[in-house]
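Peer 1: only geometry, no sequence info:
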Ligand SMILES: Nc1ncnc2c1ncn2[C@@H]1O[C@H](COP(=O)(O)OP(=O)(O)OP(=O)(O)O)[C@@H](O)[C@H]1O
């Protein structure tokens with residue numbers, strides 16, 4: 001796959017925070033027009049990795065390219081939508097007022113406001129003050145703001161956290177629709193089940209990439225029946241017990257380990 005098919009290219013990325021290395025020599029590429037899940041337990045480095053993509057994280061070593069430009073390049077501002085874990089919208093403004101404000105900042109038109117409100121299914125709450133919305137509704141307002149201007153890449157940090165199963169399903173349906181319309185998405189989650197909704201998976205643990213694969217590829221490679229067990233098998237393979245085969249041995253990676 002050539003560079004043109006990738007929306008994100010990372011080489012030798014190392015990030016130190018507070019004197020500790022939290023991302024170790026990451027190499028990865030995210031293909032365009034796919035929903036790519038960045039899965040890993042709490043503290044594995046997901047947010048740190050996403051922050052590097054939008055240029056707000058100091059990088060110790062390596063390169064991070066987004067849409068063919070260095071991460072953080074001003075030309076990317078309108079092409080990358082980023083939603084952080086805490087909703088970054090104004091509680092004392094209505095849904096529409098929030099989005100009009102962000103549309104003005106981004107130079108997007110009023111029609112775009114109606115489009116993004118529809119996209120996240122908040123039309124019936126458009127006049128409500130954001131402070132009166134539920135947590136899930138509020139996070140959809142943040143998502144709507146990220147959709148303004150039709151970015152080519154959406155970077156979403158744990159967008160489904162705290163949502164009930166119905167809302168989670170609806171949000172993943174929305175991600176699939178955005179992908180079908182041509183957007184590339186990188187979505188972080190610590191809920192391994194959400195792997196089934198992703199076209200590709202990046203599994204992160206302790207700042208290291210355990211896997212960069214499709215779900216079927218991952219299951220076949222590890223012989224596991226779900227992503228949680230695949231994750232555990234990969235962890236076993238990278239931390240061998242005393243006297244066992246070295247890390248990266250084909251013990252589990254190719255076979256059907258029990
Ligand atoms: N400002 C900071 N200073 C020092 N260490 C930090 C800082 N922010 C995060 N870390 C550490 O970096 C590591 C990765 O954190 P990060 O927030 O990227 O993980 P995460 O996978 O997003 O976790 P979560 O799912 O809980 O949000 C953790 O060990 C965390 O304690």
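Peer 2: Yep, it's here. Keep in mind that what you see is a predicted model, and the values were worked out from it rather than measured.

Peer 1: C-alpha from now on. contacts and neighbour counts both.
Peer 2: Noted.

Peer 1: how many other residues sit next to residue 132?
Peer 2: By other CA atoms under 10 Å, 13 other residues sit near residue 132.

Peer 1: Pull the contacting residues for it.
Peer 2: residue 91 (CA atoms under 8 Å, 6 or more residues apart in numbering).

Peer 1: Equivalent analysis for residue 188, please.
Peer 2: Contacts here follow CA under 8 Å, 6+ apart; on that basis residue 188 touches 37, 38, 39, 46, 47, 156, 157, 158, 159.

Peer 1: Make sure it is indeed in a helix.
Peer 2: No: for residue 188, which was evaluated using DSSP: H, G, I helix; E, B strand; the rest coil, the result is strand, with no helix membership.

Peer 1: so what's it closest to, chain neighbours aside?
Peer 2: residue 38 (4.4 Å; CA to CA, 6 or more residues apart in numbering).

Peer 1: One more: residue 9?
Peer 2: With CA to CA, 6+ apart as the criterion, residue 9 has its nearest non-adjacent residue at 4.5 Å, and that residue is residue 29.

Peer 1: what residues does the helix or strand that contains the one you found touch?
Peer 2: With elements taken from DSSP states H and E, the one containing residue 29 is strand 20-31. By CA under 8 Å, 6+ apart, the residues outside strand 20-31 that reach it are 5-16, 36, 44-45, 48-49, 62, 184, 206-209, 212.

Peer 1: got the buried residues for it?
Peer 2: If you call a residue buried by 16 or more other CA atoms under 10 Å, then strand 20-31 has these buried ones: 22, 23, 24, 25, 26, 27, 28, 29, 30, 31.

Peer 1: Any chance of TSV for those residues, columns pLDDT?
Peer 2: TSV is the format used below for those (pLDDT from 0 to 100):
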residue	pLDDT
22	97
23	97
24	96
25	93
26	96
27	96
28	95
29	95
30	96
31	96
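
Peer 1: with those in mind, which one is nearest to the ligand?
Peer 2: Nearest to the ligand among these: residue 22, at 5.1 Å, using CA to the nearest ligand atom.

Peer 1: which residues of the protein fall in strands?
Peer 2: Read by DSSP state E, the chain holds these strands, from start to end of the chain: 6-17, 20-31, 35-39, 61-66, 69-70, 80-83, 153-156, 184-189, 200-205, 208-213.

Peer 1: got CSV for those, with distance to the ligand too?
Peer 2: Formatted as CSV, the entries for these read as follows, by distance: least, CA to the nearest ligand atom, whole Å:
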stretch, distance to the ligand
strand 6-17, 4
strand 20-31, 5
strand 35-39, 8
strand 61-66, 16
strand 69-70, 20
strand 80-83, 13
strand 153-156, 11
strand 184-189, 7
strand 200-205, 8
strand 208-213, 11
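
Peer 1: so how far is residue 222 from residue 99?
Peer 2: Residue 99 sits at a distance of 45 Å from residue 222 (criterion: CA to CA, to the nearest Å).

Peer 1: Sorry, slip of the keys, the one I care about is residue 116.
Peer 2: In terms of CA to CA, residue 116 sits 40 Å off from residue 222.

Peer 1: if you count what's nearby, which of these two comes out ahead?
Peer 2: residue 222 (26 against 23).

Peer 1: That one against residue 234, yeah?
Peer 2: Yes: with the criterion set as CA atoms under 8 Å, residue 222 and residue 234 qualify as a contacting pair; they are 7.3 Å apart.
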